[in-house]
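*Asks:* With the sequence up front, the predicted model follows.
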Amino acid sequence: MDKLTILGLVVGVTSILIGQALEGGSPSILLQGAAFVIVFGGTLGAVMVQCPMRVFTTAIRMGSWVFVEPKSNSHLLVRQLSEWSVLSRKEGILALEARIPTISDPFLNKGLQLLVDGASPEKIREVMDVDIHRWEQLRWQSARVWEAAAGYSPTIGIIGAVLGLIHVMENLAEPSKLGSGIAVAFVATIYGVAFANLLFLPVANKLKSILMRQSDIHEMIVDGLAAIASGENPRLVELKLQGYLE
C-alpha cells in the first residue's frame, strides 16, 4: 500500500475543508450530492464516449496501481537471469528448458522459450519487442484516460454551476434564498477543479511513472536473454543488468 498517495489525498482534501472553515464558511456546504453526481457522472460519461471498452476497463483496473503497485522484483530478476547465464555457459542453453514450467510471468516465460528454442539474439529482440509495444500501447492509452478525465472534469463543473444558477433564477421571487443558492451552484465548479487536480491528473501521472518502471524491467529481461543467447560472459551479463537497478 502506497502510504504517500493516501496521505496526499488526505492532506489535499483536509486543506480545502480547513481553508473553508478559516474563511468563515461551513465545510458542510461543500458536501452537495447533486453537484457530485453532475461532475463525476458527466466526466465518467465523457470518458466512456472517448475510449474503447478494453481501454476503459484497463484504465479502471490500473487505478488500483496508485495504491498498490504491481509486484516486480527487479533484483530477483537480475539474480535469476545471471544464474541462467552461468548455467547455459556450463551446460548449454538446453539446460534451461527445465526452468520453463516454473516461470509464471508470461513475458519472461515466452522469452526463455525462445532462448531454449535456439533463437538468435536479434530474433529474441524482434519477437519480444512486439510484445513490449502491445503491452505499452494499451496501458499508455489507459493512463491517458485518467488524463482526459482531468480535462473534462472542470468543464462539467461549469455546467453544474450553470444548472445551479438556472435553479437560482427560478427563485428570484424569494431573495432570502438567493445567497445560499448561488453558493451551492458554485460547489459544482469546485468539484470539477478538485477532481481534476487532486485525483485524475495525479493518478494519470503516477500511472505513467509506474509504466516507465515496468517498461524498464521488460527491456532488462530482453537484454538479459539476448546476452545469454550471445554467449556473453556471465559476469558481464550481471554487470549489464545491474545498470537497470535503482
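*Replies:* Received it, and whenever you're ready, just let me know what you need. Residues are numbered from 1 along each chain as shown.

*Asks:* Just the local confidence number for the most centrally placed residue in the chain, please.
*Replies:* Nearest to the mean C-alpha position of the chain, counting by Cα atoms, centre = their mean, stands residue 207 at 2.4 Å. Listed pLDDT for residue 207 reads 94.

*Asks:* pretty sure it is touching residue 69, no?
*Replies:* No: judged on Cβ atoms under 8 Å, residue 207 makes no contact with residue 69 at a distance of 9.9 Å. Any C-beta I mention is one placed from the backbone N, CA and C, and that applies to glycine too.

*Asks:* In the protein, what helix or strand scores lowest on average pLDDT?
*Replies:* For the chain, counting by mean pLDDT, DSSP states H and E, helix 178-194 ranks last in confidence among helices and strands (a mean of 80).

*Asks:* Would you mind writing the CA trace of that helix as CSV?
*Replies:* Output in CSV follows, covering the C-alpha atoms of helix 178-194 (Å, rounded to 0.1, in the frame of the first residue of the first chain):
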residue,chain,number,x,y,z
LEU,A,178,-30.5,33.6,-3.5
GLY,A,179,-27.3,33.8,-1.5
SER,A,180,-27.2,30.2,-0.4
GLY,A,181,-28.5,29.1,-3.8
ILE,A,182,-25.6,30.8,-5.6
ALA,A,183,-23.1,29.3,-3.1
VAL,A,184,-24.4,25.8,-3.8
ALA,A,185,-24.3,26.4,-7.5
PHE,A,186,-20.6,27.1,-7.5
VAL,A,187,-19.8,24.0,-5.5
ALA,A,188,-20.0,22.1,-8.8
THR,A,189,-17.1,24.2,-10.1
ILE,A,190,-15.1,23.4,-7.0
TYR,A,191,-15.8,19.7,-7.5
GLY,A,192,-14.8,19.8,-11.2
VAL,A,193,-11.5,21.6,-10.5
ALA,A,194,-10.8,19.5,-7.3
